[in-house]
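Asks: need a structure here:
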Amino acid sequence: MPSEFVGLFDLEYVDREKYQLVISGEIQYYRKMLTLDSNSKEDQLFKLLSLNLNFDDLTISCVWSVVSLKLALAFSNYKAFQFKRKQETRSLFVSDDWELKDQNDLRKLNMEQFEKKVVSYPWNSSEDEKLSPILPALFATDEDNAWKYVSTGFQTKTTGSYGTGYYLNTSAQYLTPYLSEMIEPSIIICLTLPGYPYPVISGKDIQKGKGLFQGHQSHYVITNPDGTPVEKPSTGLYYDELVVDQEGQILPVFVVCLKKDHNLHQLSQKFTRLHKEKESSEEQIPVYHFERENAINYHN
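Replies: Got it, this is the predicted structure:
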């Protein structure tokens, strides 16, 4: 595991850095509120992630570093499994069949954008790490539910436009339409193990209720600000959605609590989803519409 994440797997480090133990029944995890003005590993990691994950113009009320040794172990085991399988039986876990599909140029653009995300993080620089890259990604929910995800992990899959699984993305601003509707908006920053993704370019790629394409460990789609898939290359910014299939592919590392202020409202207007204007067309409802509902009802 890259050195940047050593504290997530080390009880001695957690004790030394004075994390608070939280116990709920048989479930336990550790958390520590960050000051964001120190040179601690957690502060430095959060600063890097918040810059890459597009937290600009969002007003942060507090940031918690979180450690669940149980979830960290599952994540570590999945990474080791993914790495070994790709080394030993690459043909079963890496399929290039997508290159034979229609709109190949657009699928290549998806893969190029994914690769740019991966290599933007220093821990993915070695050839070994590229076999099982760690990609930070985001999940929006209200604060009460955030702690449930931190303690027990992701347990409720979404049947969305881009496949059945756990939906995340890599831009905090992209989530603002949903955050603005929450009483206590928060974002969970997670580490993910996307493996080799299938480049989805339309909801028509996916049969409803189906899981991931064989030879892929995730689905990846680049989107417009309104949540619709990009239909042709442009010079503007691309956003994205990532779908993973296994709980062990996701590890929460920070809970970011946001203020529900004018900045959040203004950003939400920029990223207004198409489904709010065209409710009658089910195919046009972006997947995060479903994911937000799942998050709010989680463990009810």
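
Asks: doesn't Glu184 make contact with Val256?
Replies: No: between Val256 and Glu184 no contact is recorded; they are 11.8 Å apart, counting by Cβ atoms under 8 Å. For the C-beta atoms, the positions are set from N, CA and C on the backbone; glycine is no exception.

Asks: how about the helices in the stretch 1-150 of the chain?
Replies: Assigned helices in the stretch 1-150 of the chain, in chain order: 11-16, 41-52, 69-88, 90-93, 104-119, 127-131, 143-152 (criterion: DSSP state H, counting those that start in this stretch).

Asks: worst mean pLDDT among those helices?
Replies: Lowest mean pLDDT within the helices of the stretch 1-150 of the chain: helix 90-93, at a mean of 76.

Asks: still on that earlier bit, tell me which of the helices of the stretch 1-150 of the chain is the most buried.
Replies: Across the helices of the stretch 1-150 of the chain, the average number of neighbours (mean count of other Cβ atoms under 10 Å) peaks for helix 143-152, which reaches a mean of 20.

Asks: other SSEs contacting the helix or strand just after that one?
Replies: Next helix or strand after helix 143-152 toward the C-terminus (DSSP states H and E): strand 158-160. Contact here means 3 or more Cβ pairs under 8 Å, 6 or more residues apart in numbering; DSSP states H and E; on that basis strand 158-160 packs against strand 163-168, helix 287-296.

Asks: mind listing what the first one pairs with, with the direction of each?
Replies: Partners of strand 163-168 in the sheet, by DSSP bridges, are strand 158-160 (antiparallel), strand 239-244 (antiparallel).

Asks: mind putting these into TSV with mean pLDDT, mean neighbour count and distance to Ser76?
Replies: Formatted as TSV, the strands paired with strand 163-168 follow (pLDDT from 0 to 100; neighbours: other Cβ atoms under 10 Å; distance: least, Cβ to Cβ, whole Å):
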stretch	mean pLDDT	mean neighbour count	distance to Ser76
strand 158-160	87	20	25
strand 239-244	96	25	16
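
Asks: of those strands, which is nearest Arg90?
Replies: Shortest distance between Arg90 and those, using Cβ to Cβ, is found for strand 239-244: 19.6 Å.

Asks: do you know how far Leu264 is from Leu212?
Replies: Shown here: Leu264 relative to Leu212, a distance of 33 Å by Cβ to Cβ, to the nearest Å.

Asks: for Asp245, same thing?
Replies: From Asp245 across to Leu212, the span is 5 Å (Cβ to Cβ).

Asks: try Trp123
Replies: Using Cβ to Cβ, which is the criterion applied here, Trp123 is 24 Å from Leu212.

Asks: got a pLDDT number for Gln207?
Replies: Reading off the per-residue confidence, Gln207 sits at a pLDDT of 68.

Asks: what is the burial count for Leu179?
Replies: The criterion is other Cβ atoms under 10 Å. On that basis, Leu179 has 25 neighbouring residues.

Asks: name the nearest residue to it, ignoring sequence neighbours.
Replies: Pro185 (3.9 Å; Cβ to Cβ, 6 or more residues apart in numbering).

Asks: ok, Gly215 next?
Replies: Here the nearest residue to Gly215 in space, its sequence neighbours aside, is Ser95; by Cβ to Cβ, 6+ apart that works out to 2.4 Å.

Asks: show me the contacts for the residue nearest in space to the middle of the chain.
Replies: To find the centre residue of the chain, average its C-alpha atoms and take the closest one (Cα atoms, centre = their mean): that gives Ala137, at 2.9 Å. Taking Cβ atoms under 8 Å, 6 or more residues apart in numbering as the definition of contact, the neighbours of Ala137 are 53, 168-170, 189-192, 242.

Asks: what residue ranges in the protein score low on pLDDT?
Replies: Low-confidence segments of the chain, defined by pLDDT under 70, span residues 207-209, 274-300.

Asks: 50 instead?
Replies: Low-confidence segments of the chain, defined by pLDDT under 50, are located at 276-300.

Asks: still on that earlier bit, and the helices of the stretch 1-150 of the chain as TSV, adding distance to Tyr162?
Replies: Below are the helices of the stretch 1-150 of the chain laid out as TSV (distance: least, Cβ to Cβ, whole Å):
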stretch	distance to Tyr162
helix 11-16	36
helix 41-52	22
helix 69-88	21
helix 90-93	20
helix 104-119	11
helix 127-131	24
helix 143-152	21
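
Asks: cool, thanks, talk later.
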